[in-house]
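Chemist: Predicted structure and sequence below. I'll ask about it afterward.
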There are 2 protein chains.
Amino acid sequence: MNNYKLTIQYDGARYKGWQRLGNSDSTIQGKIENVLTELAGEKIEIIGSGRTDAGVHALAQVANFKMKKNVTTEEVMDYLNHYLPNDISVVRVEMVHDRFHARYNAEEKTYSYKIWNKKYTHPFMRKYSMHVPEQLDFKKMREAAKYFLGEHDFTSYSNAKSKKKSMVREIYSLTIERNDGFIEIKVCGNGFLYNMVRKIVGTLIEVGVGNVDAASIPSILASKERIQTGRMAEAEGLYLDHVTFKN
Amino acid sequence: MNNYKLTIQYDGARYKGWQRLGNSDSTIQGKIENVLTELAGEKIEIIGSGRTDAGVHALAQVANFKMKKNVTTEEVMDYLNHYLPNDISVVRVEMVHDRFHARYNAEEKTYSYKIWNKKYTHPFMRKYSMHVPEQLDFKKMREAAKYFLGEHDFTSYSNAKSKKKSMVREIYSLTIERNDGFIEIKVCGNGFLYNMVRKIVGTLIEVGVGNVDAASIPSILASKERIQTGRMAEAEGLYLDHVTFKN
């Protein structure tokens, strides 16, 4: 059995997220599995490092799959890119050792969130960023970001759909950069609950606008009550940026 | 009468180009005129610095219009951005002297052309660049670019639809830059014939692939016969970059 590691980039707009739903063709996992099953001549299942929600993009999602047939990494890459729709691209294929598992071995995940912060919309980035026309106070947003660092129970930032047993996650870094009208928020951690990044970004925007006080974040976290933020950040600004693996 | 100068950015994908066709709503000029006519309470016509074809984008198209009503530049900008679709944005509004004319006073125009030069497609730029999977020889492309510089009769690079009397245009610069899988071609000149930039880029690609010899460009130009290039560069990679005006 050969074990292949894929690095995948996708525009999530058209899809119901990463994870296959039955035999649905409307997920990224489903699309890739269908092409690989054709190539392999056997039913192929791929393991993603984690799910992305409907509408969420990826710059470098990682997945692996096993296949009996001997095919070179170049052939796998060419075959996939030939048959996949052009909003999904496989940017790298590697042969990895037998025990590599894209989900179990994932050590850190980094998500990035793009906000377009001008009064008018950005014609070319309107589907790849969230438009926030209000002026944002960066000092306060950066102050707020600090409260999320470290290990916390993120129940307040989870979604009713979260079925994970533990709500404790550790955030290693959360940075906010401005660049030519864009604001890029990057968050790196050992894992994220369903909707957690979008809810954190939502709170950061509320702080930036002046609706929420940065200093209230510890008590929001401590309450373990799901926040009813007026503004959960939209899926279209969110990207799974990259995934780091244990050696 | 107040004379307003607009700087406009648009994603041309959905439109039949800049220039209004009858009362059509499927052009950028038409969309903007309809909104301004509402604001002004009188029929408004806008003058663009030049046309862009169906599917072509603009980073900074310039137009002007005259209106009797006294409205501040901020109000014009807010009104337009509020009522225009989100693939057209007005990024600047200025009050200019009465004789400013966006077409007659345009001195130089710069177009940029984006090529994505990897084997796989770019999920986020697939509608904003042309995908050329073949390897390109940059040295040869840059050599070819030099032959277009200066004043030439560009009949060979025009389209049968061109109705301009003179086919002579001057190109001031033509640069080719590589950046992380992208190739950006920028061409600046005193004016361009219908489809001229896309045909020039088409030839540059043919040279890069090895189908056309750079040294044959002077004879292509001298022949004054419209070239039947196998590859006219696609509209989706082309941007009207900016326009310079006489003082």
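Modeler: Arrived safely. Residues are numbered from 1 along each chain as shown, chains lettered A, B, ... in the order given.
Chemist: and the closest residue to A:I47 other than its chain neighbours, what pLDDT?
Modeler: With sequence-adjacent residues excluded and distances taken as CB to CB, 6 or more residues apart in numbering or on different chains, A:I47 is closest to A:A102, at 4.8 Å. Backbone N, C-alpha and C define where each C-beta goes, glycine included. Among the per-residue scores, A:A102 holds a pLDDT of 97.
Chemist: A:A102: what's it in contact with?
Modeler: With contact set as CB atoms under 8 Å, 6 or more residues apart in numbering or on different chains, A:A102 has these partners: A:5, A:47-49, A:62-64, A:243.
Chemist: In helices only, show me those.
Modeler: Of these, none are assigned to helices by DSSP state H.
Chemist: Just put these in TSV and tack on pLDDT.
Modeler: Shown next, in TSV, are the contacts of A:A102 (pLDDT from 0 to 100):
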residue	pLDDT
A:K5	98
A:I47	97
A:G48	97
A:S49	96
A:V62	98
A:A63	98
A:N64	98
A:V243	97
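Chemist: Would you mind checking which of those is nearest to A:N117?
Modeler: Checking the contacts of A:A102 against A:N117 by CB to CB gives A:V243 as the nearest, at 27.7 Å.
Chemist: For the lowest-mean-pLDDT helix or strand in chain A, output the C-alpha coordinates as CSV.
Modeler: Counting by mean pLDDT, DSSP states H and E, the weakest-scoring helix or strand in chain A turns out to be helix A:217-223, with a mean of 91. Taking C-alpha atoms only, helix A:217-223 is exported to CSV below (Å, rounded to 0.1, in the frame of the first residue of the first chain):
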residue,chain,number,x,y,z
ILE,A,217,-13.2,38.7,27.0
PRO,A,218,-12.0,36.8,30.1
SER,A,219,-15.5,36.8,31.5
ILE,A,220,-17.0,35.8,28.2
LEU,A,221,-14.7,32.8,28.2
ALA,A,222,-15.3,32.0,31.8
SER,A,223,-19.0,32.1,31.4
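Chemist: possible to save the contacts of A:A102 as CSV with distance to B:Y83 and neighbour count?
Modeler: Below are the contacts of A:A102 laid out as CSV (distance: CB to CB, whole Å; neighbours: other CB atoms under 10 Å in any protein chain shown):
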residue, distance to B:Y83, neighbour count
A:K5, 49, 19
A:I47, 48, 16
A:G48, 42, 24
A:S49, 43, 26
A:V62, 44, 26
A:A63, 44, 23
A:N64, 50, 19
A:V243, 43, 22
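Chemist: near chain B, which residues of chain A show up?
Modeler: With the criterion set to CB under 8 Å from any CB of the partner chain, chain A comes near chain B through A:9-11, A:57, A:77-78, A:81, A:86-91, A:119-124, A:126, A:128, A:131.
Chemist: domains in chain A, as residue ranges please.
Modeler: A:2-96, A:107-245 (automatic domain parsing).
Chemist: So which of those is nearest B:Y157?
Modeler: In terms of CB to CB, the element of the domains of chain A nearest to B:Y157 is domain A:107-245, at 27.1 Å.
Chemist: distance between the ends of the closest one?
Modeler: End-to-end distance for domain A:107-245: 5 Å, by CA to CA, to the nearest Å.
Chemist: Next: stretch A:74-92.
Modeler: This stretch, stretch A:74-92, spans 9 Å end to end (CA to CA).
Chemist: So what touches it?
Modeler: For stretch A:74-92, contacts defined as CB under 8 Å, 6+ apart pick out A:4-11, A:13-14, A:28, A:31-32, A:35-36, A:38-39, A:60, A:71, A:93, B:119-123, B:126.
Chemist: In helices only, show me these.
Modeler: Those of those lying in helices (DSSP H): A:28, A:31-32, A:35-36, A:38-39.
Chemist: low-confidence ranges in chain A?
Modeler: Within chain A, the set of residues satisfying pLDDT under 70 comprises A:23-24, A:161-164, A:228-230.
Chemist: Which residue ranges of it form strands?
Modeler: A:2-10, A:47-48, A:57-67, A:88-96, A:106-116, A:130-131, A:150-153, A:168-179, A:182-189, A:238-245 (DSSP state E).
Chemist: possible to save the ones you listed as a markdown table with distance to A:K199?
Modeler: Compiled in a markdown table, the strands of chain A are given as follows (distance: least, CB to CB, whole Å):
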| stretch | distance to A:K199 |
| --- | --- |
| strand A:2-10 | 22 |
| strand A:47-48 | 22 |
| strand A:57-67 | 18 |
| strand A:88-96 | 27 |
| strand A:106-116 | 11 |
| strand A:130-131 | 13 |
| strand A:150-153 | 13 |
| strand A:168-179 | 12 |
| strand A:182-189 | 11 |
| strand A:238-245 | 11 |
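Chemist: circling back: from the ones in helices among the contacts of stretch A:74-92, list the buried ones, please.
Modeler: Buried members of the ones in helices among the contacts of stretch A:74-92, scored by 16 or more other CB atoms under 10 Å in any protein chain shown, are A:28, A:31-32, A:35-36, A:39.
Chemist: Among those residues, pick out the one closest to chain B, please.
Modeler: Distances from chain B to these, taken as CB to the nearest CB, are shortest for A:I28 (10.5 Å).
Chemist: Could you double-check that that closest one sits in contact with A:L6?
Modeler: No - using CB atoms under 8 Å, A:I28 is not in contact with A:L6; the gap is 11.2 Å.
Chemist: ok so, going back, just the buried ones from the residues of chain A next to chain B?
Modeler: The neighbour count (16+ other CB under 10 Å) marks A:9-11, A:57, A:77, A:81, A:87-91, A:120-124, A:126, A:128, A:131 as buried among those.
Chemist: one step back: would you mind saying which of the domains of chain A lies nearest B:A145?
Modeler: Between the domains of chain A, domain A:107-245 lies closest to B:A145; by CB to CB that is 25.7 Å.
Chemist: ok now that closest one, how far from the chain's centre?
Modeler: Its chain's C-alpha centre and that of domain A:107-245 lie 12 Å apart, by CA atoms, centre = their mean, to the nearest Å.
Chemist: Ok, stretch A:56-66 next?
Modeler: When C-alpha coordinates are averaged (CA atoms, centre = their mean), stretch A:56-66 and its chain have centres 10 Å apart.
Chemist: For that stretch, C-alpha coordinates in PDB please.
Modeler: C-alpha atoms of stretch A:56-66 as PDB (Å, rounded to 0.1, in the frame of the first residue of the first chain):
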ATOM      1  CA  VAL A  56     -14.400  28.400   3.800                       C
ATOM      2  CA  HIS A  57     -11.300  28.400   1.600                       C
ATOM      3  CA  ALA A  58      -7.900  26.700   2.000                       C
ATOM      4  CA  LEU A  59      -4.500  27.800   1.000                       C
ATOM      5  CA  ALA A  60      -2.900  24.500   2.100                       C
ATOM      6  CA  GLN A  61      -5.200  21.900   3.400                       C
ATOM      7  CA  VAL A  62      -3.400  18.600   3.900                       C
ATOM      8  CA  ALA A  63      -4.900  15.100   3.400                       C
ATOM      9  CA  ASN A  64      -3.600  11.600   2.900                       C
ATOM     10  CA  PHE A  65      -4.900   8.400   1.200                       C
ATOM     11  CA  LYS A  66      -3.700   4.900   0.600                       C
END
